[in-house]
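> after the sequence you'll find the predicted model.
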Amino acid sequence: MIVLSRAHQSTFLMRNLLLCSLGLLFACAGPSSNQDAAQKPAGVTDSGSSQRTDASASSIDSLDGAVLGSEAEKVAIARHQQMLADLAKRGIYPETKPTQISVSYHRAGTTIGLYNEANMSQTDYYTTSRASAKYKVIPDIEMGALLMALDDLGFYDEAKDGISRVSGASLTVVVRKGGDEEKSYSLSWGASMGKTNNALTQNCADAVRVIFDTTRSVQVVDNPNGTDFFLDERQRIQNVNARNAIKH
């Protein structure tokens with residue numbers, strides 16, 4: 001039996017709420033039918049008009065080449081608005097300020113992180129060639145859910161202002177929030193620090209890791225040696241030995 005930590009439970013709950021709501025959104029994205037028309041959600045009238053916010057209307061109408069005004073589109077917009085309303089009842093709101101969260105495992109020399117779409121778009125980020133794929137971009141609503149999970153865990157109660165690493169720390173969680181007043185917070189733990197903040201730092205790192213691991217991304221990585229992965233290992237080693245022999 002797998003036992004989830006409090007961080008995993010809290011973050012899984014929020015993410016499941018998101019996925020369930022998004023599932024309703026995508027389920028109605030196909031062609032409409034008479035049955036669909038008979039089960040219209042609140043906000044869609046018989047005339048086919050829907051109650052949309054100005055922001056939703058302007059974002060949809062600005063899509064070049066899109067099929068506008070279809071029944072499926074109107075239902076999808078209504079479902080999206082309902083999703084945000086349901087999450088708001090649980091205290092989950094989109095994080096509209098540029099936000100970055102990272103977790104550094106100092107002993108392993110590994111860092112993972114998340115940006116929200118208020119920081120940069122997924123398309124722009126993933127299509128730009130980078131040295132690694134250690135960062136991912138998530139929707140603003142998911143960043144809001146993650147920040148709420150960190151708050152519930154007590155991150156801000158023990159985190160220090162600014163970006164810093166405590167001497168001897170093996171794990172550091174950093175939250176950076178932009179906007180008019182840019183703020184950053186750091187929470188670290190290491191074996192030399194005893195039990196202070198041990199569970200808290202681990203739980204906060206786990207919460208970030210849950211979102212990171214369950215977020216799909218296709219990052220363009222600048223890796224000139226990447227073709228080696230597709231060579232027969234024995235042949236590759238022989239080629240390397242042959243080149244080294246020539247050099248010597």
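Cool, got the structure. These numbers were taken from a predicted model, which means no experiment stands behind them.

> isn't residue 158 up against residue 203?
No - if you go by Cβ atoms under 8 Å, residue 158 and residue 203 don't touch, sitting 11.3 Å apart. For glycine as for every other residue, the C-beta is placed from the backbone atoms N, C-alpha and C.

> quick one: which of those two has more around it?
Neighbours around residue 158 and residue 203, counted as other Cβ atoms under 10 Å, are more numerous at residue 203. The numbers are 21 against 16.

> give me the three-state assignment for that one.
helix (DSSP: H, G, I helix; E, B strand; the rest coil).

> same thing with residue 132?
Under three-state DSSP, the three-state class of residue 132 is coil.

> and the pLDDT at it?
pLDDT recorded at residue 132 is 78.

> hmm, it is touching residue 221, no?
Yes - taking contacts as Cβ under 8 Å, residue 132 lies within contact range of residue 221: 6.6 Å.

> what's the local residue count around residue 85?
Residues near residue 85, counting by other Cβ under 10 Å: 10.

> and residue 70, by the same measure?
As a burial measure, residue 70 scores 13 neighbours (other Cβ under 10 Å).

> with residue 123 instead?
10.

> could you do residue 164 as well?
Using other Cβ under 10 Å, residue 164 has 14 neighbouring residues.

> who's in contact with the spatially closest residue to it that is not a sequence neighbour?
Nearest residue to residue 164, sequence neighbours excluded (Cβ to Cβ, 6 or more residues apart in numbering): residue 186, at 5.1 Å. For residue 186, the contact set (Cβ atoms under 8 Å, 6 or more residues apart in numbering) comprises 159, 160, 162, 163, 164, 165, 172, 173, 174.

> any chance of those residues in JSON lines, plus pLDDT and distance to residue 110?
Converted to JSON lines, the contacts of residue 186 look like this (pLDDT from 0 to 100; distance: Cβ to Cβ, whole Å):
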{"residue": "159", "pLDDT": "92", "distance to residue 110": "21"}
{"residue": "160", "pLDDT": "91", "distance to residue 110": "22"}
{"residue": "162", "pLDDT": "91", "distance to residue 110": "22"}
{"residue": "163", "pLDDT": "86", "distance to residue 110": "18"}
{"residue": "164", "pLDDT": "80", "distance to residue 110": "19"}
{"residue": "165", "pLDDT": "72", "distance to residue 110": "14"}
{"residue": "172", "pLDDT": "94", "distance to residue 110": "12"}
{"residue": "173", "pLDDT": "96", "distance to residue 110": "13"}
{"residue": "174", "pLDDT": "96", "distance to residue 110": "14"}
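
> buried among those residues? Need that as a selection in PyMOL.
Typed into PyMOL, the line below selects the buried ones among those, using 16 or more other Cβ atoms under 10 Å:
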select buried, resi 159+172+173+174
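
> I'd like the contacts of residue 186 laid out as CSV, including secondary structure and distance to residue 95.
Formatted as CSV, the contacts of residue 186 follow (DSSP: H, G, I helix; E, B strand; the rest coil; distance: Cβ to Cβ, whole Å):
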residue, secondary structure, distance to residue 95
159, coil, 17
160, strand, 21
162, coil, 20
163, coil, 19
164, coil, 23
165, coil, 25
172, strand, 21
173, strand, 16
174, strand, 16
